[in-house]
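Enquirer: Below are the sequence and a predicted model; questions follow.
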Amino acid sequence: MEFDQVVRTRRSIRRYSVQPPAESVIAELLELVRWAPSSMNGQPWHFVLVREPATKHKLAALKNRFVPADKRAFPADFLVAAPWIIVICVDRELAHDRELENGLLAAGWLLLAATSRGLGSVYLSAYQPRDPGLERELAALLSLPPQIRPISIVPLGYPAETPAAKTVRPLASILHHERY
Ligand SMILES: Cc1cc2nc3c(=O)[nH]c(=O)nc-3n(C[C@H](O)[C@H](O)[C@H](O)COP(=O)(O)O)c2cc1C
């Protein structure tokens, strides 16, 4: 798929076909993600692939337990039915104090790579800015060593929904020349 089309057609997908993408397809995506930029070229990423239903249930329950009050209308239950869940983690010792940015760029790369291969995905945070509980419990669930920090949760599967057309803010309303 051509790059502009990948960017314009990527949408958050929360319902997936039962047919799971082959592991080789997931490996192809992660091969691409490794080329993302990182602070000081530290390439601090680790990817935890979750396939076991019990772990998916625990991930969904964790996300739901830590969801802020204003986002309760959007539960993470759909994670249970995702064929693959990738937890993007960052090694603090290689992140040059830029754990979030390093992880988020890899997540963006992953969402676009998934779209380019016809897969659906959606971005979820693996941390809460004001509550270390989610990150701590996720680390325990996935047996992460102390220096490995979970940043993003990305479910992947072939789409079983077609989101309504998306509108984006007009460029002229957000574009500023020289000063805001
Ligand atoms: C930082 C961030 C956090 C998000 N958290 C969630 C989440 O917890 N659950 C969810 O279903 N979607 C989540 N999303 C997906 C957004 O809801 C989605 O990107 C947005 O509605 C725009 O739709 P689109 O991705 O189809 O363009 C998150 C996206 C971002 C960037």
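Expert: Cool, the structure landed.
Enquirer: And the contacts of the longest helix along the chain?
Expert: In the chain, taking DSSP state H as the definition, the longest helix is helix 99-116. Residues from elsewhere that reach helix 99-116, judged by Cβ atoms under 8 Å, 6 or more residues apart in numbering: 1, 6-7, 9-10, 28-30, 32-33, 35-39, 42, 44-45, 86, 88-90, 92, 95, 120-121, 123, 149, 151-152, 154, 156. Every residue, glycine included, has its C-beta placed from N, CA and C.
Enquirer: middle-most residue in the protein, spatially?
Expert: Nearest to the mean C-alpha position of the chain, by Cα atoms, centre = their mean, lies V154 at 3.3 Å.
Enquirer: in what helix or strand does that residue lie?
Expert: When elements are assigned from DSSP states H and E, V154 belongs to strand 148-157.
Enquirer: now for that strand, which elements pack on it?
Expert: strand 84-91, helix 99-116, strand 120-121, strand 124-125, helix 133-141 (3 or more Cβ pairs under 8 Å, 6 or more residues apart in numbering; DSSP states H and E).
Enquirer: pretty sure the residue nearest to the centre of the chain contacts A126?
Expert: No: V154 is beyond contact range of A126, at 9.5 Å (criterion: Cβ atoms under 8 Å).
Enquirer: joint contacts of the two?
Expert: Counting by Cβ under 8 Å, 6+ apart, the shared contacts of V154 and A126 are V87, I88.
Enquirer: which parts of the protein sit against the ligand?
Expert: Proximity of the chain to the ligand (Cβ under 6 Å from any ligand atom) is limited to residues R11, S12, R14, F74, V122, Y123, L124, S125, P163, K166.
Enquirer: Quick check: of those residues, which lies closest to A81?
Expert: Checking these against A81 by Cβ to Cβ gives R14 as the nearest, at 9.0 Å.
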